[in-house]
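Peer 1: For reference, the sequence and a predicted model appear below.
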Amino acid sequence: MEIVPPFALLTLWWFVSSASTSLYFPPLQTIVTALHQDWFSARFASDVLPSLGHLAAGFALATAAGVLVGLVLGRIPFLADTVTPLLEFARATPSVALVPAAVLLLGVGTEVQVVVIASATIWPILLNTIDGVRGLDPMIADVARSYRIRRLDRTVMALRAASPQVVAGMRTALALGIIMIVFSEMVGSTHGIGFQLLQAQRSFDIPGMWAGMVLLGVLGYLLNIAFHGFERAVLGWHRGMRRTHK
């Protein structure tokens, strides 16, 4: 049923815009044609796939670093309290402000996109991991210590307990990553979705510009569906426990 509202909206857009003669708001049919010809045919391998690769690399880097650092800080409250001012300072700095420095230090290329995406997406994962690990029931931790369970096993247990919040942070981070794809490629790239969107605007290719925005929406929707599958696979045990407690 979730496909019905988008389909109804697209149908309404199709018929309402069919008679449009505006240069800035072309008919949806023209946009779909540009989407097929410009993005899925001519630019898919040269621009769309590299953008998705940048997103995957930056998101993976942010997930690994966020979970690892969050696990350490969640398990060692004193260390977390010590570095909290630094974390708050770094989190308050807009990731887009790092793009000029990243371009200066790394040059124009893949590294800039990956670093910028990772710097933006790490925060929801990191903070949710810290909160999830700290939220472990103290009684469970005491029982684990009393049974002399190894520290590594206790750490894995804490990470498993925090996994619902970690996955929630990853979901938020994925949406931020899609946004950062566009911005980072507009400034620090010679290809990609963001770069081609900027080129379409500069060359007054209005249908191509709209097609690029529609493409981003489609990619975001498909990535969200894929993440739903990942979430069900990773948190199947959690859903089972919730059904048991109801």
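Peer 2: Yep, it's here. Residues are numbered from 1 along each chain as shown.
Peer 1: Pull out the buried residues from the longest helix along the chain.
Peer 2: The longest helix of the chain (DSSP state H) is helix 151-188. Across helix 151-188, burial judged by 16 or more other Cβ atoms under 10 Å covers 154, 158-159, 161-171, 173-174, 176-188. For glycine as for every other residue, the C-beta is placed from the backbone atoms N, C-alpha and C.
Peer 1: Quick one: residues contacting residue 13.
Peer 2: Residue 13 is in contact with residue 28, counting by Cβ atoms under 8 Å, 6 or more residues apart in numbering.
Peer 1: That one is in what secondary structure piece?
Peer 2: Taking DSSP states H and E as the criterion, residue 13 maps to helix 4-17.
Peer 1: What is the longest helix of the chain packed up against?
Peer 2: helix 49-75, helix 99-106, helix 110-134, helix 138-146, helix 193-202, helix 206-234 (3 or more Cβ pairs under 8 Å, 6 or more residues apart in numbering; DSSP states H and E).
Peer 1: between those, which gets nearest to residue 88?
Peer 2: Closest approach to residue 88 among the helices and strands packed on helix 151-188 is made by helix 110-134 (10.3 Å; Cβ to Cβ).
Peer 1: can you give me the angle that closest one makes with helix 99-106?
Peer 2: For helix 110-134 against helix 99-106, the angle between stretch directions is 120 degrees (axes from the mean of the first three to the mean of the last three Cα atoms, to 10 degrees).
Peer 1: Tell me the buried residues in helix 110-134?
Peer 2: Buried residues in helix 110-134, defined by neighbour count with 16+ other Cβ under 10 Å: 110-133.
Peer 1: Which strands or helices does that helix pack on?
Peer 2: helix 49-75, helix 77-92, helix 99-106, helix 151-188.
Peer 1: can we see that at 7 Å?
Peer 2: helix 49-75, helix 99-106, helix 151-188 (3 or more Cβ pairs under 7 Å, 6 or more residues apart in numbering; DSSP states H and E).
Peer 1: any idea which residue sits dead centre in the chain?
Peer 2: By Cα atoms, centre = their mean, the chain has its centre lying nearest to residue 174, at 1.5 Å.
Peer 1: ok, that residue - contacts?
Peer 2: Applying Cβ atoms under 7 Å, 6 or more residues apart in numbering, we find residue 174 in contact with 59, 223, 227.
Peer 1: and those residues as JSON lines, adding pLDDT, distance to residue 22 and neighbour count?
Peer 2: Supplementary listing: the contacts of residue 174 in JSON lines, determined by pLDDT from 0 to 100; distance: Cβ to Cβ, whole Å; neighbours: other Cβ atoms under 10 Å:
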{"residue": "59", "pLDDT": "95", "distance to residue 22": "37", "neighbour count": "24"}
{"residue": "223", "pLDDT": "92", "distance to residue 22": "31", "neighbour count": "17"}
{"residue": "227", "pLDDT": "91", "distance to residue 22": "36", "neighbour count": "15"}
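Peer 1: Kind regards, and thank you for your time.
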